[in-house]
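Asker: Mind folding the following:
(2 chains)
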2 protein chains.
Amino acid sequence: MILMDGKSLSEKILDKVAERVKNLERIPHLAVILVGDDPASKIYVANKKKAAEKVGIKSTIIELPYETEEKYLLDKIEELNDDFDVTGILVQLPLPKHIDKNKVVTAISPKKDVDGFTPENVGKLAIGLEPYFYPATPQGIMMLLDEYGIEIEGKNAVIIGRSNIVGKPMAQMLLRRNATVTICHSYTKEIEEKIKTADILVSAVGKKIVRCKMGYKNSVVIDVGIHRDSYGKVTGDVDFDYVSPSCGYITPTPGGVGPMTIASLMYNASKIY
Amino acid sequence: MILMDGKSLSEKILDKVAERVKNLERIPHLAVILVGDDPASKIYVANKKKAAEKVGIKSTIIELPYETEEKYLLDKIEELNDDFDVTGILVQLPLPKHIDKNKVVTAISPKKDVDGFTPENVGKLAIGLEPYFYPATPQGIMMLLDEYGIEIEGKNAVIIGRSNIVGKPMAQMLLRRNATVTICHSYTKEIEEKIKTADILVSAVGKKIVRCKMGYKNSVVIDVGIHRDSYGKVTGDVDFDYVSPSCGYITPTPGGVGPMTIASLMYNASKIY
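Answerer: Presented below is the predicted three-dimensional model:
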């Protein structure tokens, strides 16, 4: 069983991004909007800022109070769309309930949509065109799979979770690389049966859901979910001790997909359109 | 085994569309662009015109020679985008090889994109927003499934074929209705194993690929592919005689998905944004 070291690959990628940024004609500028004071969101935003600094990308965090009206936020985004100096815009999710997330995401200019969440970028990915940006987490996972020389073509990929952030774009990206893709979610019956068919398993649920032996000893297990267990320990979707002896490759949590997501996001943020 | 009669449902839908069109404040106008003289394309375009007439939708066929330059076609689309009288634009595929299909599809205004193929409409479908139009074939299949009261939630849906026209949007639409979705294609290994897991099978390949017993006697078999066999007989992807005794529901070819696609397209063409 080989541990897929996202931490060390992410550092290599961040070095490359830093090199790339150094050679750009102007400095990329990432604007991060944070609405409210969700503690997890604050940590994520701070980590993004830190990573941006590390690679030489300018970043501005725009903190807005929880009560911010949707209209105000949409106007803010419009302003950033029109601001030549700002090259990337990211709205930290989740947003307060009184704000329509989809409206907000859709308002971002596709050319500054470093998360790759706007309909135009999502649609281009789906129909086989080049989007301006690929969503960070699945893009980071593809980088990790390629780093370890994992064959994708013709393989059975099973994805658990169908979020717009991970599951659905992951499906598109694996499909593009000619995997046979199965998308599972909360309504899926006999999930263990599906897991056992996987050559490549990607779990992005946020609770301990993968606790069975894999069907193939060379299978690859990618654990995206991250949460704290009842002892306060950071853990993923996969019961690592139980699953790892039955597979060929597995990502640890932490140190697997998490750092790859940040590196992949910085790669996006270094692009200027 | 119940035969899913797309012919008769399509007539009911066309009647409803005609009723709807009668009550609209202005007459929808579908512009169909046909480049070159592919005989199959000519028949499809003629059928669309006939169906449009039947439901009271104005239609204009714009026939362009095979040699038409991409730039000319893109300008034509721009002109139709700006033409208030034209409410729907459809470019008959395939296009000549010297024209970039994706560029052409992307040029159509999403509000007139009755095929639902533009990145914005595809992206909205993928992220869970309402696109202006859903692609006709998968939308027609959903209508057929609903007409026969087929349960979708929690079912295993297996799709063979990953085209932008059928396979990929079908996956999104079934996923939205909470099916577990597997997408198979030319690189898929052990396709029979996948077929046998299907509660709902959708085959959209264009050659005789489904020739095994289904795994569940209540399974639903939707045959999208249409071609002529070596005797010149119109047939589908499914070996009907062999497969039909092993399933619960099946579409005939012809008379199944084909007429549903036309009815579904006319439903789209009756919408004015």
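Asker: pLDDT score assigned to the nearest residue to A:Ile141 once chain neighbours are set aside?
Answerer: Leaving aside its chain neighbours, A:Ile141 sits nearest to A:Ile222 (5.6 Å; criterion: C-beta to C-beta, 6 or more residues apart in numbering or on different chains). In this view, the C-beta of every residue, glycine as well, is placed from N, C-alpha and C. pLDDT recorded at A:Ile222 is 98.
Asker: Same question for A:Gly256.
Answerer: Model confidence at A:Gly256, given as pLDDT, is 97.
Asker: so it touches A:Gly6, yeah?
Answerer: Yes. Using C-beta atoms under 8 Å, A:Gly256 is in contact with A:Gly6, at 4.3 Å.
Asker: Kindly report the residues of the stretch 1-150 of chain A close to chain B.
Answerer: Proximity of the stretch 1-150 of chain A to chain B (C-beta under 8 Å from any C-beta of the partner chain) is limited to residues A:102, A:105-106, A:117-124, A:126-129.
Asker: Can you verify the residue nearest to A:Ile141 is assigned to a helix?
Answerer: No. Using DSSP: H, G, I helix; E, B strand; the rest coil, the assignment for A:Ile222 is strand, not a helix.
Asker: SS state for A:Gly258?
Answerer: helix.
Asker: Distance check, it against chain B.
Answerer: Note on A:Gly258: its distance to chain B, by C-beta to the nearest C-beta, to the nearest Å, is 23 Å.
Asker: quick one: that residue and A:Leu9 touch, right?
Answerer: No. In this structure, A:Gly258 is not within contact of A:Leu9 by C-beta under 8 Å, at 11.9 Å.
Asker: quick one: which of the two has more around it?
Answerer: Remark: of A:Gly258 and A:Leu9, A:Gly258 carries more neighbours, 23 against 20, as counted by other C-beta atoms under 10 Å in any protein chain shown.
Asker: Mutual contacts of A:Gly256 and A:Gly6, please.
Answerer: The contact sets of A:Gly256 and A:Gly6 overlap at A:Leu144 (C-beta atoms under 8 Å, 6 or more residues apart in numbering or on different chains).
Asker: if we can go back for a sec, please list only the buried members of the residues of the stretch 1-150 of chain A next to chain B.
Answerer: A:105-106, A:117-124, A:126-127, A:129 (16 or more other C-beta atoms under 10 Å in any protein chain shown).
Asker: now these as a markdown table including distance to B:Pro169?
Answerer: Formatted as a markdown table, those follow (distance: C-beta to C-beta, whole Å):
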| residue | distance to B:Pro169 |
| --- | --- |
| A:Val105 | 20 |
| A:Thr106 | 19 |
| A:Phe117 | 19 |
| A:Thr118 | 18 |
| A:Pro119 | 14 |
| A:Glu120 | 16 |
| A:Asn121 | 17 |
| A:Val122 | 13 |
| A:Gly123 | 11 |
| A:Lys124 | 15 |
| A:Ala126 | 8 |
| A:Ile127 | 10 |
| A:Leu129 | 15 |
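Asker: The least confident helix or strand in chain A by mean pLDDT pairs with which strands?
Answerer: When the helices and strands of chain A are scored by mean pLDDT, DSSP states H and E, strand A:227-228 comes last with a mean of 88. Strands that pair with strand A:227-228, judged by DSSP bridges, come out as strand A:234-235 (antiparallel).
Asker: need the next SSE after the strand it pairs with, C-terminal direction.
Answerer: helix A:240-243 (DSSP states H and E).
Asker: Return the alpha-carbon coordinates of that next one using PDB.
Answerer: The C-alpha trace of helix A:240-243 is given here as PDB (Å, rounded to 0.1, in the frame of the first residue of the first chain):
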ATOM      1  CA  PHE A 240      -8.000   4.400   7.100                       C
ATOM      2  CA  ASP A 241      -6.900   1.500   9.400                       C
ATOM      3  CA  TYR A 242      -9.600  -0.800   8.000                       C
ATOM      4  CA  VAL A 243      -9.500   0.100   4.300                       C
END
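Asker: Tell me which residues touch the residue lying closest to A:Gly258 once chain neighbours are set aside, please.
Answerer: Ranked by C-beta to C-beta, 6+ apart and with sequence neighbours excluded, the top spatial neighbour of A:Gly258 is A:Ile226, at 6.2 Å. Residues near A:Ile226 by C-beta under 8 Å, 6+ apart: A:206, A:234-236, A:253-254, A:257-258.
Asker: Looking at those, which is nearest chain B?
Answerer: Distance to chain B across the contacts of A:Ile226 (C-beta to the nearest C-beta) is lowest for A:Gly206, with 18.2 Å.
Asker: Burial check on the nearest residue to the closest one once chain neighbours are set aside, number of neighbours?
Answerer: In space, not counting the residues next to it along the chain, A:Gly206 is nearest to A:Gly225; the distance is 4.5 Å by C-beta to C-beta, 6+ apart. By other C-beta under 10 Å, 21 other residues sit near A:Gly225.
Asker: One more: A:Lys71?
Answerer: Using other C-beta under 10 Å, the number of residues around A:Lys71 comes to 9.
Asker: what secondary structure does it sit in?
Answerer: helix.
Asker: What distance do you get for it to chain B?
Answerer: Applying C-beta to the nearest C-beta to A:Lys71 and chain B gives a distance of 19 Å.
Asker: ok, now A:Ile200?
Answerer: 13 Å.
Asker: where's the residue most central in space within chain A, which helix or strand?
Answerer: In chain A, the residue lying closest to the centroid (C-alpha atoms, centre = their mean) is A:Thr137, at 1.9 Å. Using DSSP H and E, A:Thr137 sits within helix A:136-147.
Asker: re earlier: if the residue nearest to A:Ile141 is in a bridge, with which residues?
Answerer: A:Val202.
Asker: my guess is the residue nearest to the centre of chain A contacts A:Ser264, does it?
Answerer: Yes. Counting by C-beta under 8 Å, A:Thr137 sits close enough to A:Ser264 to count as a contact (7.1 Å).
Asker: Domain map for chain A?
Answerer: A:25-109, A:136-257 (automatic domain parsing).
Asker: how distant is the last one from the center of its chain?
Answerer: To tie it back to what came earlier, the one meant is domain A:136-257. 13 Å (C-alpha atoms, centre = their mean, to the nearest Å).
Asker: can you check stretch A:261-273 too?
Answerer: 11 Å.
Asker: That's all I had, so thanks and see you.
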